[in-house]
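> Just a sequence and a predicted model for now, questions to come.
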Amino acid sequence: MENRGRKRKSQKTKSNRKGRSSSIDGNTIFALMLAAICNSNEPFSEAIIKRCLNSLHFSLTPNSQKNEPRLQTLPVPVLSLLPVLLKSKCDEIVSRSAEIAGAASIFSFEMNEQIALDAGIVKGLILAVGASNKMVSLAACNAVLDLSTTSVGRERLLEFSAVEHLMPDSWIGIVVCYPKRLSGKTIVDDSLPLTEIIVVSESSKRLVAICSLDKGSDICPRIGFKEDDLLVLLLFAVITLINTYDIDRLEKMPRKLSETFSVCLKELWAKVHNQMFLRNTLKFGQDEHANLSSIRTNDMAESIFRLSINAGHLTTPFPFDVVKKSIFGTSESSFENFILNHWEVSPLRIRTCSKALNEQDDVFSSFVQYLSLKKTDSSFVLPVLQGMVSCFPIDSDELNILNFLKMVRNELGCPIIYGQDIRVLRTIGHLKEEVHFFQESSVPCTKAPHFLYIDDVLKCEDAYKKGYTIALRGMEFRLENIAAIADGLASLFGQPSVGVNLYLTPANSQGLACHYDDHCVFVCQLLGTKQWTIASQPVVSLPHLYEPLGSLHSAKTGNSMAGHSQFLLREGDILYIPRGFPHEACTVAESGDPNETTGFSLHLTLAIEVDPPFEGGNWNLNFIPSNELRLLVLPYLLKKTKFLGVWEGFAHVALHCWNQNSKTIHYTSVDPLSKILNVMSVNLLHIAIRLIGDSDPTFRKACLVAAITFPSDSKCWLDSNQRTIFSYIIDKICSESEFLEALRVVEVAIQRNEDPFQRLRWLHLLNWEAEMIEEHGGDFLPSVGFENLSSLFNQHRGKTEVAFMHVKSMFCCEVAFEDVIDSYGLVLQKYKKTRKQYMNGMLSLHCK
């Protein structure tokens, strides 16, 4: 049972203890109140009820300094009277009844459940919150909060639409509380929790701070109201319940109500976040009107996130044809030429004739206009960064956005974190080594995260003036116009996501050292000019996301730049860089004259991440500040890596679809061994496909079958291109799938006590049945465990090989391209839905 309800009791009106007896008899109290209720017209009835209620309340909240008896539970007959009492015309009776319901709710889990299961009490409390008498509203709101300290209580409140009844018309005078020490002094106040409080009101002149002793670090300040204690309780109750909503309730919540409350919360959030960023704190007691609450900033952030995940109005993706025109021009042949001749093959500068980027038909125009409002160069750093929050990566294995919230709820809404959200760095010396401005934050994460507040952001401006590049990650989660571009580009290429980073580089400077990426990139030059040098050949052919990248300064990467191409990007130019190609960039004079003064550069990188191990987070190893830390996290990332977006993934989906539809493999066979052998053969063929994918670059190429809705005309150039690749994939599987190689992989994994099918876990999204290991059961088949799998292979190796060859032959002969597209699209949409919810939630937390 949570103790927050108990703390609130100290804020309630003092109980009237006159006339309390030294013994509590529930049956007697019930009889007296029932008689008084039945004779409500008698002048003495209200007095009797009040006295009985005072005795009951006293029994639930005893004076610890006196050895007075208390009830072990609230008698059921007394509970049955509370619905009637909560409808009384006497405000004092309603108020005291609500207080008894609240006290009982935090007295024990059993009593909380009794209260929650009584529909009359729950309804009565909800309706009493809206009473005209403030004393009644306060008591009822406190009782609702006490009832919400258990999951049963919260669920019952939601059943009776408590949120809809609790939302007040307005909230003003917000208070923010932030834990820390001030000037090394210890300030102790026994009446407050051990935190520090920042008070924010509508008027900046009424800014107050309250402090007390800090024990440990806490990045989530507490929030309350400056003036009305009822408003803060209502806000707390609504936030508590919204943060209990499941996806279905969030989707069914009246849109107008959701949008209205979301707007209200965002207005408060902007003030709260600004004070967090500025770290405005003063000594406790300077404002006696400040009303501390139990709400923390992460609670408010979670409510805003939840209310926004299904908000369609937050981002409207640019249609893919608009994005295509903005990047590739109006000619269809230009995009076709790019896909057929340059995509994942060679770099290409896509010149847009340096046209003005504020034209209405350009997808980047709104962002450029946004930047013009923030000014340019170093002066835009503070206005842009001060409204940002940290975007925590979401694991693509997690397709329930609420599970993600559970993992990050204690940090949600916190300021941006160095290394995760932002880097400030430059490349110097003849060895071209990267140097971070915040050196202490670029070491492995043995220390606490480095949150950037006002002082650090001002340091970023100074660093920029000293030649450091400012690199911001996850721009598609921070600005709606960037999110619209990312969504449109993802649709154009049929991928789950597109990540967007921003780079601001001063004159005569280089940010990142020479490196190659594990994803394809479109560099969009928005302001200034920049010189790019790109190797003529990749050092790694189509690397998967999170495969070990070459050291940024390795001889292999450096030597690969011996033969290279150079591209000077001006405003409006776009440069395509395939994955695996080493590259570097620096600001130079446009004419190439070393004596000419150079200017700054601002560009976006749009990353087409064809393997989505971190779907919503678009995490990039290049943003991990040290090689040591990369080595620490790499095994985990590799374990999570999937290959949905590449042709290997499409091949796995094809095998699954064929297996589900095939009449040659059926699990209703009377022979249990045949069933096992068939299942084992399908799984071994999945392993064989994986092995081919490790060696054949075509299997690692991006699969674009979801890029467009294919017309019935098979002569569509992209449709024809994808079908040709699919035929090549099937031919490769037919000719190069080796039983013994696949079997060896399984045997080695079993010897190491590893799951040989770990990289295929994502296939459960296709309602994978008997042929895959259960996600949590740990069995290859219901009757076959890992410990028996090796012996089964050895005992029936010959029969298994025959079954494997038969499965392979039938699959390669019968699989149809058209049969796979729908299932592939199903998986893709599941990824895209979660990513969209993540994007909407994060966008709602960024203050414009």
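Alright, I've got the coordinates.

> V389 against C414, yeah?
Yes: counting by CB atoms under 8 Å, V389 sits close enough to C414 to count as a contact (6.5 Å). Every C-beta, even on glycine, is put in place using the N, C-alpha and C of the backbone.

> Give the buried residues for the single longest helix found in the chain.
As assigned by DSSP state H, the longest helix anywhere in the chain is helix 817-845. Using 16 or more other CB atoms under 10 Å as the test for burial, helix 817-845 gives 817, 820-821, 823-825, 827-828, 830-832, 834-845.

> Would you map the strands across the stretch 301-450 of the chain?
Using DSSP state E, counting those that start in this stretch, the strands of the stretch 301-450 of the chain run over residues 348-350, 422-428, 433-436.

> Just the angle for the helix or strand just after the last one relative to strand 422-428, thanks.
Translated: strand 433-436. Next helix or strand after strand 433-436 toward the C-terminus (DSSP states H and E): helix 454-465. Relative orientation of helix 454-465 versus strand 422-428 (axes from the mean of the first three to the mean of the last three CA atoms, to 10 degrees): 30 degrees.

> Tell me which residues are up against helix 454-465.
277-279, 377-379, 381-382, 385-386, 418, 422, 424, 437-438, 450, 452, 468, 470, 504, 506 (CB atoms under 8 Å, 6 or more residues apart in numbering).

> those strands in the stretch 551-700 of the chain, which residues are they?
Using DSSP E, counting those that start in this stretch, strands in the stretch 551-700 of the chain cover 564-569, 574-577, 583-586, 601-608.

> now for those, which one comes closest to E433?
strand 583-586 (12.4 Å; CB to CB).

> So which elements touch the closest one?
strand 530-535 (3 or more CB pairs under 8 Å, 6 or more residues apart in numbering; DSSP states H and E).

> Confidence-wise, which helix or strand of the protein is lowest on average?
Ranked by mean pLDDT, DSSP states H and E, the weakest helix or strand in the chain is strand 208-210, scoring a mean of 30.

> Show the low-confidence segments of the stretch 351-500 of the chain, by residue range.
352-361, 373-378, 396-397, 441-447 (pLDDT under 70).

> can you tell me how far G511 sits from L569?
Using CB to CB, to the nearest Å, G511 is found at 14 Å from L569.

> Over to E46?
Counting by CB to CB, the gap from E46 to L569 is 82 Å.

> More neighbours: these two, which one.
L569 (23 against 16; other CB atoms under 10 Å).

> mind listing what that one touches?
Applying CB under 8 Å, 6+ apart, the residues near L569 are R349, V523, Q525, T529, K530, Q531, W532, L575, H603.

> Leaving out the residues flanking it, which one is nearest to R797?
L743 (7.7 Å; CB to CB, 6 or more residues apart in numbering).

> Pretty sure that neighbour sits in a helix.
Yes: the assignment for L743 (DSSP: H, G, I helix; E, B strand; the rest coil) places it in a helix.

> For it, report the pLDDT, please.
L743 carries a pLDDT value of 88.

> Thought S681 was touching it, still the case?
No: taking contacts as CB under 8 Å, L743 lies outside contact range of S681: 10.7 Å.

> Can you work out which residues contact both of these two?
Joint contacts of L743 and S681 (CB under 8 Å, 6+ apart) are T800.

> More neighbours: the two, which one.
S681 (26 against 21).

> quick revisit: quick one: the strands of the stretch 301-450 of the chain as JSON lines, columns for mean neighbour count and distance to I733 too.
JSON lines is the format used below for those (neighbours: other CB atoms under 10 Å; distance: least, CB to CB, whole Å):
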{"stretch": "strand 348-350", "mean neighbour count": "17", "distance to I733": "32"}
{"stretch": "strand 422-428", "mean neighbour count": "23", "distance to I733": "42"}
{"stretch": "strand 433-436", "mean neighbour count": "16", "distance to I733": "42"}
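
> need those in TSV with distance to N337, can you?
Converted to TSV, those look like this (distance: least, CB to CB, whole Å):
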stretch	distance to N337
strand 348-350	9
strand 422-428	34
strand 433-436	36
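
> Which one of those lies nearest to E42?
Across the strands of the stretch 301-450 of the chain, closest to E42 is strand 422-428 (CB to CB), at 72.4 Å.

> Who are the packing partners of the closest one?
Packing partners of strand 422-428 (3+ CB pairs under 8 Å, 6+ apart): strand 433-436, helix 454-465, strand 469-472.
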